[in-house]
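Participant: Need the 3D shape of this:
(one chain, ligands or ions: 2)
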Amino acid sequence: NPRQAALQAIATTEYDLNQIDFRSEHLKELFGVLVFSEEVQKARLPKPVFKALQKTIKLGAQLTDPAVADAVASAMKDWAIEHGATHFTHLFQPMTGLTAEKHDSFLSPTGTGAAVAEFSGKELVKGEPDASSFPSGGIRATFEARGYTGWDPTSPAYIRESPNGATLVIPTVFVSWTGEALDKKTPLLRSMEALSAQAIRILRLFDNHDAVKVFATVGPEQEYFLIDKNFLYARPDLLNCGRTLFGAKPPKGQELEDQYFGTIPERVLACMSECEAEMFKLGIPVKTRHNEVAPSQYEIAPIFEDANLATDHNQLTMDVMRRTAEKYGLVCLLHEKPFAGINGSGKHNNWSMSTDTGENLLNPGDTPHDNAQFLVFCVAVIRAVAKYPELLRVTVASAGNDHRLGANEAPPAIMSIFLGDQLQDIMDQLEKGKPEKTLPGGFMEVGASVLPKLPRDAGDRNRTSPFAFTGNKFEFRAVGSSFSIAGPNTVLNTIVAESLDFIATNLEAAVKKGTPLNKAIQDLLPGILKESKKVVFNGDGYSEEWHKEAERRGLPNLKNTVDALPVIVRKDSLELFTKYKVYSERELQSRYNIFAEKYVKEVSIEAATMINIAKTLILPAALRYQGEVATAVNATKSAGVDAGAQFDHLKGLTKAITDFQTATKELETAVHHKHSGEPYTDAKAIRDTVLPKMVELRTLGDALETIVADDLWPLPTYREMLFIK
Ligand code: ADP
Ligand code: MG
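Facilitator: Ligands and ions are numbered 1, 2, ... in the order given. The predicted structure follows:
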């Protein structure tokens, strides 16, 4: 059977674990070799062109001169061809959360039977992929089906190598002819602009006139599973849905706690090393790797970058990991919950704000001036999360993440902030308004005293909080492992921009009236903290008490995707996003539809896959076993021996099979229920009718796994998938 074939293949295959050797290839020399980086630009572009391009990249100045685009395109093409590139592509991020690309060759016939390699500024700046089959959620009527891609010069072009050549990849936005965003990058860039504009107002109040721009900075820690590829072939659920839809709890799971930070298995380490080499070449600053809590679960984390680049790099990271894993006979599972009963995978989205001069605005700093500025930015974030917890919640909503949030060591769906004891103490004192002498180092007075050194997150300490302050940044931990981080960061940037706007408006007015800045801050922040503190929780977010306490505080608990989605089109969301020009009303409406549709499709595919496995793999195995037992009972009886126990076993088995068949039929009936065609209505119906039947069927299938003879069981088991490395 497929399971035995998989085990056989694993036992007999040897893998080349030395495909990359850091003894001969130093990582320093690898870094960025495939990137059209600042260094390459400087070496290859005429000076004025280089300057104009850098101004666009660093300060967001519009590239208006077509001659500049032509010069950049020409240099890019020569550089790419030297790296073996034959084609170029505009890479974009449609609302599927994946990336999309269409390749065009550099070749142009001359008309005299020969051909030349060409790449114009026009081709660099704008592309017109046939976009009609990407989800648009109703934005695009058929007559305006053509979307277009537009070059994003702030994310550098790079080379993607393939076995017989290479492709020049140009990161782009993807918009409709009416200018609406059909992708995830456009709103992210808009939100970064909104954040920058408001943060600069605050910096000007603090007499900072050097900073021209403020960037959201992001470092996403990526969790994932690696299991042997042969298991994938034998598991239609993993292959089609990325997660197991059946699978009995193994005798050993993660209870021994012997996996976290444990020694990394050799084949996995070889694979990780090659992933890292590939990422270095692409200029992705990967920093850490380690075993995670669940068996066969790992994590990779980069050094933070500006949110746009970090997002592009995280998409690339997932791509490199998937492709490299195959070379080692492994499969990289990025689903939020590939295996029930053990930890799922998330993405810890570390977020802060930084000036173009390199100052981290969430760093407490060492002077009274820093103290005041830090408090303003920090309180702005707290206010933002307190005011818009449901928006944050909906950015992490998906059918996959529904299985993770609130389960095994994943933050609950209730959004709250962890500040830690010391920052909490500072905020308490600030709220009370009266400086007290309790802080180490002196009085807590805005702009007059120094803040104590705040401890950096010591890892495990506060894993239970979905949104934690970790010394000089916030860590948003509810993001799912397969997500594009564009969505969560777009929302974070926007809600913080709104808070900074509110604070700046108040402070500017007070200062204009002659109030000293520090006094104005001391007057303003306590009120904000009073209003916002309901969202602060420093205790155990996994506990039952917290759920009760959160309810008492009136914090929203949107338990699943279907509950969360309507937030997108609520009046306050529309007002927020249109005010800061991040999403238009139509863009929000389209996302609401797309996410609901995606939910319907994902769960429907899972249900269909489940039915297929139930009927063609589990039921036949169970019936074969039933036949064997029946034969044994008959033979025993005819031999004149008492077969009571065997008969009971047969009866129990028969009942288990019958229940399983009934549940299969019920799931089929639920699936065949007619859809209304209205995405949200269908999502709700699926959640309420299909999902519960899937849970029932799984329980019965898993029960059969513990009864049917092992040599007949066709699906690789949890024990095998998680522990054979
Ligand atoms: P710890 O939380 O244990 O202090 P690290 O300092 O290693 O962990 O950071 C974890 C992640 O947070 C890394 O990806 C790191 O690059 C990122 N990070 C650190 N500082 C910032 C920042 N200012 N903005 C965004 N991400 C950051
Ligand atoms: Mg962390």
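
Participant: Glu602 is in contact with His403, isn't it?
Facilitator: No: Glu602 is not in contact with His403 according to Cβ atoms under 8 Å; the separation is 11.3 Å. For every residue, glycine as well, the C-beta is placed using N, CA and C.

Participant: The two - which one has more neighbours?
Facilitator: Relative neighbour count places His403 above the other of Glu602 and His403, with 20 against 17, counting by other Cβ atoms under 10 Å.

Participant: Mind checking what helix or strand follows the helix or strand containing Arg698 in sequence?
Facilitator: Secondary structure assigned from DSSP states H and E places Arg698 in helix 691-705. Downstream of helix 691-705, the next assigned helix or strand under DSSP H and E is helix 718-723.

Participant: what packs against that next one?
Facilitator: In this structure, helix 718-723 makes packing contacts with strand 214-228, judged by 3 or more Cβ pairs under 8 Å, 6 or more residues apart in numbering; DSSP states H and E.

Participant: going on from the strand it packs on, what's the next piece of helix or strand?
Facilitator: Next helix or strand after strand 214-228 toward the C-terminus (DSSP H and E): helix 229-233.

Participant: contacting residues around the helix or strand just after that following helix?
Facilitator: Downstream of helix 229-233, the next assigned helix or strand under DSSP H and E is helix 236-241. Contact partners of helix 236-241, identified using Cβ atoms under 8 Å, 6 or more residues apart in numbering, comprise 231-233, 243-246, 331, 333, 335, 338, 602, 605-606, 609-610, 612-613, 617.

Participant: One more: stretch 569-581?
Facilitator: Stretch 569-581 is contacted by residues 190-191, 194, 388, 390-391, 494-495, 497-498, 567, 583-585, 588-589, 592 when judged by Cβ under 8 Å, 6+ apart.

Participant: what about that stretch, distance to the chain center?
Facilitator: Centre-to-centre, stretch 569-581 and its host chain are 23 Å apart (Cα atoms, centre = their mean, to the nearest Å).

Participant: May I have it exported as PDB, CA atoms only?
Facilitator: As requested, C-alpha coordinates have been extracted for stretch 569-581 and formatted as PDB (Å, rounded to 0.1, in the frame of the first residue of the first chain):
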ATOM      1  CA  VAL A 569     -16.400  46.500   5.700                       C
ATOM      2  CA  ARG A 570     -17.600  48.100   9.000                       C
ATOM      3  CA  LYS A 571     -18.100  51.900   9.000                       C
ATOM      4  CA  ASP A 572     -15.200  52.700  11.300                       C
ATOM      5  CA  SER A 573     -12.800  50.600   9.100                       C
ATOM      6  CA  LEU A 574     -14.000  52.300   5.900                       C
ATOM      7  CA  GLU A 575     -13.500  55.700   7.600                       C
ATOM      8  CA  LEU A 576     -10.000  54.900   8.800                       C
ATOM      9  CA  PHE A 577      -8.700  53.400   5.600                       C
ATOM     10  CA  THR A 578     -10.200  56.000   3.300                       C
ATOM     11  CA  LYS A 579      -9.000  58.900   5.500                       C
ATOM     12  CA  TYR A 580      -5.400  57.700   5.200                       C
ATOM     13  CA  LYS A 581      -5.800  56.600   1.500                       C
END
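
Participant: which helices and strands sit right next to the helix holding Arg698?
Facilitator: Packed against helix 691-705 by the contact rule (3+ Cβ pairs under 8 Å, 6+ apart) you find helix 585-613, helix 644-671.

Participant: how about 6 Å then?
Facilitator: Packed against helix 691-705, as judged by 3 or more Cβ pairs under 6 Å, 6 or more residues apart in numbering; DSSP states H and E, are the following elements: helix 644-671.

Participant: Other residues contacting the helix or strand following the helix it packs on?
Facilitator: Moving toward the C-terminus from helix 644-671, the first helix or strand encountered (DSSP H and E) is helix 679-685. The contact list for helix 679-685 (Cβ atoms under 6 Å, 6 or more residues apart in numbering) reads Val562, Asn593, Ala596, Glu597, Tyr599, Val600, His675, Ser676.

Participant: Low-confidence stretches in this structure?
Facilitator: Within the chain, the set of residues satisfying pLDDT under 70 comprises 131, 140-145, 255-259, 261, 434-445, 447-462.

Participant: Distance-wise, check Asn371 relative to Phe206.
Facilitator: 11 Å (Cβ to Cβ, to the nearest Å).

Participant: Those two - which one has more neighbours?
Facilitator: Neighbours were counted for Asn371 and for Phe206 using other Cβ under 10 Å; Asn371 has more, 22 against 16.

Participant: Could you look up the SS state of that one?
Facilitator: The local conformation at Asn371, judged by DSSP: H, G, I helix; E, B strand; the rest coil, is helix.
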